[in-house]
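In: for reference, the sequence and a predicted model appear below.
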Amino acid sequence: MDKILAERDSRIYAPESQGIYSSAVLELADEFERRDLQVTSFVLLRNGKKIAEFCKPPYEIDSVQLWYSVTKSFTGVGVGIASDKGLLRLDDFVIDFFPDKLPPAISDNLKELRVRHLLSMTCGIHDNTYGLLYPQEDWVKAFLAQELPHKPGTYYRYSTHASHMLAAIVERVSGQSFYSFIKENLFEPLEIYESTWEVCPQGITAGGMGLGLTVGAVARFAQMITDKGLYKNKRIVSAEYLSEAMTEQSDDRDENEKDKHKNGYGYHMRIDLDGSVFHSGGFGMLWYACQRKNIAVALTSRRKNTDIVIDLLQEKIIEPASEQKLPASLKSLAYPVPVFRDIPENVPSLDGKTYSLSENPHKLRSIGFKQKEITRFCIRLQYADRPESAIEFDLREPVRGRDVFVKDIQFHDQKYVSYSAWENEKTLVLTIFYIETPYEVTYRLTFNGAHINAAFNMNVSLNLKNFSCDGILTDRCAG
């Protein structure tokens, strides 16, 4: 418990005490809102001290969040730690780590592939092969078997599975899971005691995605980068490795993407114009480290606007704006949530009813209802290929609970906040915020006698599809 309390250090210093204007933070938050950037939580550090944070309900500042590709930067630092320990060298050949995973014919380019090429995203592929490798049972074997048309080190192409190869390499040389290695050598020194990390089909830590941390933990990681590998005067990764990691190793500038803040790629870090470094993840997750000003930022989001967010950080924070004190209104921010409504007359009774559904992409077979109180009920979702979900709703207030739902790769037991309202006498709208991710799920259920139409909508997703299907009342009651 003491460790968790240490991670949840709530002290916030006056921004002015660290040379940042309070009004600049407020202006930044106002711009996030005005531009509908959907930033849900934010932590700002200066000189290692937390000077501002906010989190918009129903999201929670202390909740573990899914960081998508931000994961890669943690993997990159993990490789640096392994190198510092003498477990590997950046010039080691990749094939030497996996004699049991090699294809029958080893190409010249595969022979030349080194650890540093995985770190700099110059492994030799031409197109992003994520879609080809992800469905495979053995990601390492599939990565080594793919075509490498470019000589390693000569051509940049972003690759989530290159990051996965790094995690697999560290697992082989350390004799433990990459997640365990990171918890011992990175998380605990950073006082990070709450985390999750997904794995590939063979159980190897997914080095390119799937990491779950609090926003405060990611901010401390960014501060460690700002402090050249130190945290509270304790060395975590060598300054020599970080210097290489923060130096351009490959060219990620792409005229077609027009990302103004892509100005070279180091070792699993992107480099900005002023030498600051950062990494972003799906739907706008971001950490940003500016050594020049000793500023570190971490934020979660539900919409990818990385260029705009960094522009605002530079304009409002990195270049101070005014002298006003930080107003309390930062803590009053909240994400727009559904409005509770009066219950219409003549809505159908749902208690004990179960509806069998027609074929749909989620293999959702039935929806059942159990009334607990006058306005509170439980909905049971039964699937053909995974365990049943049971989610509680109340027509007067939000309900907090836990449900099994997808994160990056796998399904996890995680926190939710639910809302419900009758839109009219026939249509019930159920909204679920899975607050460890950006996911907002809406079920629109329309009842017509013994028939139901169930429509599923998700605000953002990497793999789940929106759908609508019909159903019919059965004799089986929800338990």
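Out: Here it is on my side, so go on.
In: measure residue 373 to residue 380 for me?
Out: Separation of residue 373 from residue 380 (Cβ to Cβ, to the nearest Å) stands at 17 Å. Where C-beta positions appear, they are placed from N, C-alpha and C, glycine not excepted.
In: kindly report the same for residue 474.
Out: Distance from residue 474 to residue 380, by Cβ to Cβ: 13 Å.
In: neighbour-wise, which of residue 373 and residue 380 wins?
Out: Looking at residue 373 and residue 380 with other Cβ atoms under 10 Å, you find the greater number of neighbours at residue 380, namely 16 against 9.
In: need the contact list for the more buried one.
Out: With contacts defined as Cβ atoms under 8 Å, 6 or more residues apart in numbering, residue 380 is in contact with 354, 366-370, 388-390, 478-479.
In: ditto for residue 146
Out: Listed by Cβ under 8 Å, 6+ apart, the contact set of residue 146 reads 125, 129, 132-133.
In: swap in 7 Å and give it another go.
Out: Residue 146 sits next to 125, 129 when contact means Cβ atoms under 7 Å, 6 or more residues apart in numbering.
In: under a three-state scheme, what state does the closest residue in space to residue 127 that isn't next to it in sequence occupy?
Out: Distances taken as Cβ to Cβ, 6 or more residues apart in numbering place residue 157 nearest to residue 127, at 6.9 Å, with adjacent residues excluded. Put simply, residue 157 is coil when judged by DSSP: H, G, I helix; E, B strand; the rest coil.
In: how near is residue 157 to residue 250?
Out: Distance of residue 157 to residue 250, computed by Cβ to Cβ: 9 Å.
In: common neighbours of those two, please.
Out: By Cβ under 7 Å, 6+ apart, the residues touching both residue 157 and residue 250 are residue 121.
In: wouldn't the residue nearest to residue 127 be in contact with residue 125 here?
Out: Yes. Using Cβ atoms under 7 Å, residue 157 makes contact with residue 125 at a distance of 5.1 Å.
In: higher neighbour count, the two?
Out: Neighbour tally, residue 157 and residue 125, criterion other Cβ under 10 Å: the higher count belongs to residue 125, 24 against 17.
In: for that one, give me its contacts.
Out: Applying Cβ under 7 Å, 6+ apart, we find residue 125 in contact with 146, 148, 157, 159.
In: poorly predicted segments of the chain, please.
Out: Counting by pLDDT under 70, the chain shows low-confidence ranges at 1-10, 255-258, 320-333, 475-479.
In: residue closest to the middle of it?
Out: Nearest to the mean C-alpha position of the chain, counting by Cα atoms, centre = their mean, stands residue 67 at 1.9 Å.
In: run through the residues that contact that one.
Out: Applying Cβ under 7 Å, 6+ apart, the residues near residue 67 are 211-213, 218, 281, 285.
In: and residue 347, how far from residue 445?
Out: 11 Å.
In: compare neighbour counts for these two and give me the winner.
Out: residue 445 (21 against 15).
In: tell me the spacing between the more buried one and residue 295.
Out: Residue 445 is 47 Å from residue 295, where distance means Cβ to Cβ.
In: for residue 301, same thing?
Out: Residue 301 is 19 Å from residue 295, by Cβ to Cβ.
In: cool, and residue 451?
Out: Distance of residue 451 to residue 295, given as Cβ to Cβ: 58 Å.
In: is residue 293 in a helix, a strand, or coil?
Out: Residue 293 is classified as coil under three-state DSSP.
In: wait, what's in contact with it?
Out: Listed by Cβ under 7 Å, 6+ apart, the contact set of residue 293 reads residue 318.
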